[in-house]
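1. When you get a sec, could you give me coordinates for this:
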Amino acid sequence: MSRPRTAAVLTLAALLTAATAHPAAADTIRDRQWGLLTLRAEEAWGTTQGEGITVAVLDTGVDGTHPDLTGQVLDGADLVAMGAGRGDRAWARHGTAMAAIIAGRGHGPDRAEGVLGVAPHAKILPVRVILEESDPGRAKARDTKSGALAEGIRWAADHGADVINLSLGDDSESAHHEAAEDEAVQYALGKGVVVVASAGNGGEHGDPASYPAAYPGVIAVAAVDRRGKKADFSTRHWYATVSAPGVDVVIADPDRAYYEGWGTSAAAAFVSGTVALVKAAHPGLSPAQIKKLLRDTASDAPAGGRDDSRGYGTVDAAAALQGAARLRPEAALPTPVAAGRTYFGPGPEPAGRSERRPRLGAPEAAAAGVALLAVAAVLARRPRGPRRDRVG
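-> Down below sits the predicted model:
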């Protein structure tokens, strides 16, 4: 039985608040989206822009009225049902930022203003499973809604999600494997839904493991800067799959301003957008195939092919689409294959014909038993020799 989460539950894997982010002038937003260049998104758009794909954003909510997201956001679910509401400053800031990185379409003439996402034709399915750090109701939600993440993953998988973005995690001292969450992830993967999560922002605090990034099958994403170097804050851990831009990322906010944020949250969103492109062009690929595809086509791979700080390298959307074209779709879950032999080894040898005489039948066995008892009785009456005591 899994332990209940303590008050340290999930945290947002980025700092995107006005206190730490800087407003960016609207007319320079597109020029400052260096992450799209790193991912070679424009090249990938020659193949697809994510048409027909739904990305579930499990977060603090998403402002679907934002100019960059108009028409992109579907009806979702609020599994917290408390805290700040629409119009409050502590509502949907983080979730809106992630949604725009994934599927923002910009606005204005020719959509030349605002944030452009990696998969601008994909749809966003918002699922509220956590509150903003500044939300007064956050402490209460930690104690009463600790199961929202697992519930949200299953809900998204059952309501049309092709990709689930988890730009959040628990890397506190009490962080641990949560059976319900792990099972929810496996449920989604079994339905063909790709699950992407941020690796964590504990790189300067001992690199603690973060969940859900550490669950099997999840594509865990570390953060790099514009030079391709691991961001100082990005957690180094065995589960890192790939890396993506996570420093000085321009983000959209419900207040209609634009800020620069950082964190593995943004990195995960970039990868979810990339997965949306791959799924749009090759819908039959399984989550396992797509995870391996991103690894195999990543750019700037570390020495030796992989390390805990950046995984297999920086995700490359154009290369991933090229690689996907060479794959044959597989089932979401491995198909059992019958064993070629009955045993792993040669197995037991067949019993040969016994050379002993046939066993005695019941009458003969009974007579033999009486005879043996008689002999035993005689032996019991014989005097014993002198007894020797053992020494030492």
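
2. Am I right that Ala197 falls within a helix?
-> No: the assignment for Ala197 is strand, going by DSSP: H, G, I helix; E, B strand; the rest coil, so no helix is present there.

3. what bridges to it?
-> Listed by DSSP bridges, the beta-bridge partners for Ala197 are Leu166, Ala220.

4. Quick one: residues contacting it.
-> The contact partners of Ala197, taken as Cβ atoms under 8 Å, 6 or more residues apart in numbering, are 166-169, 210, 212-213, 215, 218-221, 268. For glycine as for every other residue, the C-beta is placed from the backbone atoms N, C-alpha and C.

5. which element is Ser265 on?
-> Using DSSP states H and E, the secondary-structure element containing Ser265 is helix 264-281.

6. On the C-terminal side of that helix, identify the next helix or strand.
-> Next helix or strand after helix 264-281 toward the C-terminus (DSSP H and E): helix 287-297.

7. Mean confidence (pLDDT) on that following helix, please.
-> The average of the pLDDT scores along helix 287-297 is 98.

8. Buried ones in that helix, by neighbour count?
-> Neighbour counts over helix 287-297 (16 or more other Cβ atoms under 10 Å) mark Pro287, Ala288, Gln289, Ile290, Lys291, Lys292, Leu293, Leu294, Arg295, Thr297 as buried.

9. picking that back up, pick out whichever of the contacts of Ala197 sits closest to Val195.
-> Within the contacts of Ala197, proximity to Val195 (Cβ to Cβ) peaks at Val218, which comes in at 5.0 Å.

10. any idea how far that closest one is from Gly87?
-> 34 Å (Cβ to Cβ, to the nearest Å).

11. Make JSON lines out of the contacts of Ala197 and add neighbour count and distance to Ala301.
-> Below are the contacts of Ala197 laid out as JSON lines (neighbours: other Cβ atoms under 10 Å; distance: Cβ to Cβ, whole Å):
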{"residue": "Leu166", "neighbour count": "33", "distance to Ala301": "25"}
{"residue": "Ser167", "neighbour count": "31", "distance to Ala301": "24"}
{"residue": "Leu168", "neighbour count": "30", "distance to Ala301": "27"}
{"residue": "Gly169", "neighbour count": "30", "distance to Ala301": "25"}
{"residue": "Ser210", "neighbour count": "27", "distance to Ala301": "23"}
{"residue": "Pro212", "neighbour count": "27", "distance to Ala301": "25"}
{"residue": "Ala213", "neighbour count": "30", "distance to Ala301": "20"}
{"residue": "Tyr215", "neighbour count": "22", "distance to Ala301": "24"}
{"residue": "Val218", "neighbour count": "26", "distance to Ala301": "20"}
{"residue": "Ile219", "neighbour count": "27", "distance to Ala301": "16"}
{"residue": "Ala220", "neighbour count": "31", "distance to Ala301": "16"}
{"residue": "Val221", "neighbour count": "37", "distance to Ala301": "15"}
{"residue": "Ala268", "neighbour count": "33", "distance to Ala301": "20"}
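
12. re the thing from before, how big is the angle separating the helix holding Ser265 from helix 287-297?
-> Taking axes from the mean of the first three to the mean of the last three Cα atoms, to 10 degrees, one finds helix 264-281 and helix 287-297 inclined to each other by 110 degrees.
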